[in-house]
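**Student:** Quick one, what's the 3D model for this:
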Amino acid sequence: MPCHQSDVEPQLLPNNFFLGVDHMSTCLCLCLWSRHRDDSDAYNTAYVCMLKVITETLHVREREREREREMAQSIERERVCVIGGGGYVASWVVNFLLSKGYMVHATVRDPCDERKNGHLKKLKNASENLQLFKTDLLDYEGLCAAIAGCTGVFHVANLVPSDVPNPGAELLEPAITGMRNAELLEPAITGMRNVLNACLNSKVKKVVFVSSVGAVIFNPNWPEDQAMDENCWTDGEYCKTAELWYWLAKTLAESEALEYARRNEINIVTVCPSSCIGPTLQSTRTASSLNLLPHLKGGKESVEDEDLVFADVRDVADAILLAYEKPEAEGRYICSSHTLRSRVLVEKLKSMYPNYNYPKSFTETKRDIKISSKKLQNLGWKSRPLEETIVDTVKSYEESGLLGNE
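**Tutor:** Model prediction:
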């Protein structure tokens with residue numbers, strides 16, 4: 001409440017007396033000033049004004065503290081589940097959820113395996129707010145137990161093999177494209193159904209299903225001059241012909257998840273990230289965390305100069321939480337930050353790290369990837385500069401000993 005200064009004689013006060021002074025301080029100074037001048041009326045007015053300001057200030061601050069307590073309790077009470085919590089992307093999702101005060105259930109194959117899952121227990125707030133559940137995508141009862149009591153579920157489980165022994169560039173392509181149809185389709189489709197059935201059973205309010213940009217870009221019928229958006233779907237027959245089983249599994253699982261949502265009136269949002277790069281929280285490496293490694297070591301004589309699409313793993317985790325927390329989020333969201341040719345990426349890496357073993361030459365390809373994350377950006381998503389992500393990725397590789405012999 002402002003003080004009525006008409007009760008005093010402002011011409012007798014020093015210049016700039018009120019400059020930079022809040023109401024309560026002003027009233028206190030007026031009390032002292034009027035008392036010094038034996039002006040009892042001015043003193044009483046200023047004193048009453050000061051008491052009112054103090055009272056109102058205390059009420060405002062108490063209301064603010066009450067709102068903060070209510071918000072903290074609201075988030076703290078919210079319990080969510082991350083399916084495949086020990087993975088490269090999922091670990092960052094768990095980390096960000098814990099930092100926001102969520103109670104987190106995370107499914108892993110073996111909670112006692114410190115080598116694979118010990119990093120989760122070391123995250124901030126994990127000791128109070130994280131609970132690990134032993135289960136996998138094909139264990140429906142285990143999924144039901146993990147999801148029970150949760151208002152939200154993040155299906156981030158990855159189909160890429162969890163262990164990559166002696167990781168190097170030569171292991172990445174076979175780890176994905178060399179897997180057989182049955183190895184990918186069954187866990188992708190059956191696992192997705194198990195997760196969503198468990199969500200329906202527990203009356204989960206919202207599910208974020210993490211798909212892949214690979215469920216978007218393999219569409220030979222899409223107009224070449226048009227950027228691929230959420231309306232573009234990978235062509236299943238094309239994947240079968242090219243034996244791209246991993247991307248077929250991702251596409252079928254995402255498509256069925258959205259159809260499941262329409263059929264059962266459950267709120268499901270899908271996020272389609274491009275190849276993730278950036279630091280890892282895991283102590284052991286998975287294939288999905290090695291996407292930049294082939295360009296830093298191996299020294300192949302020639303590689304295809306093709307378009308590459310990348311996103312920082314931390315930005316992807318941000319996008320996943322954004323899709324969950326924004327009430328207006330719906331449907332699919334492409335999550336991709338950078339598109340560049342192999343040659344351009346290698347030249348950038350060479351300028352930053354000249355001593356690694358890079359490809360010697362490049363062969364031209366006709367395939368260009370034009371992809372848009374505008375829908376996600378309109379939701380409020382922002383991404384890091386590529387240079388920052390490269391620095392953090394290489395540092396993570398070096399700390400893991402993956403570049404030690406180069």
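**Student:** CA only for contacts and neighbour counts going forward, please
**Tutor:** Fine.
**Student:** The residue nearest to Leu98 when sequence neighbours are not counted: neighbouring residues, count only.
**Tutor:** In space, and not counting its chain neighbours, Leu98 is closest to Asn125: 6.0 Å by CA to CA, 6 or more residues apart in numbering. The burial count assigned to Asn125 is 17, neighbours taken as other CA atoms under 10 Å.
**Student:** Now do Asn125, the pLDDT please.
**Tutor:** Per-residue pLDDT puts Asn125 at 95.
**Student:** cool, Ala198 as well?
**Tutor:** Per the predicted model, pLDDT is 97 at Ala198.
**Student:** Quick check: closest non-adjacent residue to it.
**Tutor:** Distances taken as CA to CA, 6+ apart put Cys144 closest to Ala198, at 5.0 Å, once the chain neighbours are dropped.
**Student:** ok, now Gln226?
**Tutor:** Spatially, and ignoring its direct neighbours in sequence, Gln226 is nearest to Lys370 (7.2 Å; CA to CA, 6+ apart).
**Student:** Can you report how many residues lie near the residue nearest to Ala198?
**Tutor:** When neighbours are defined as other CA under 10 Å, Cys144 has 20 of them.
**Student:** mind listing what's buried in the helix or strand it falls within?
**Tutor:** In this structure, Cys144 is located in helix 140-147 according to DSSP states H and E. The neighbour-count check on helix 140-147 (16 or more other CA atoms under 10 Å) flags 140, 142-147 as buried.
**Student:** Summarise which helices and strands the strand or helix carrying Tyr260 is packed against.
**Tutor:** Using DSSP H and E, Tyr260 sits within helix 245-264. With contacts defined as 3 or more CA pairs under 8 Å, 6 or more residues apart in numbering; DSSP states H and E, the packing partners of helix 245-264 are helix 169-177, helix 181-201, helix 236-242, strand 268-273.
**Student:** Go through those and name the closest to Val210.
**Tutor:** Distances from Val210 to each of the helices and strands packed on helix 245-264 were compared using CA to CA; the minimum, 5.0 Å, belongs to strand 268-273.
**Student:** Which parts of this protein belong to which domain?
**Tutor:** Structurally, the chain divides into domains by automatic domain parsing as follows: 5-69, 78-399.
**Student:** Any chance of the backbone angles for Asp307?
**Tutor:** As for Asp307, its main-chain torsions (degrees, to the nearest 10) stand at phi -70, psi 130.
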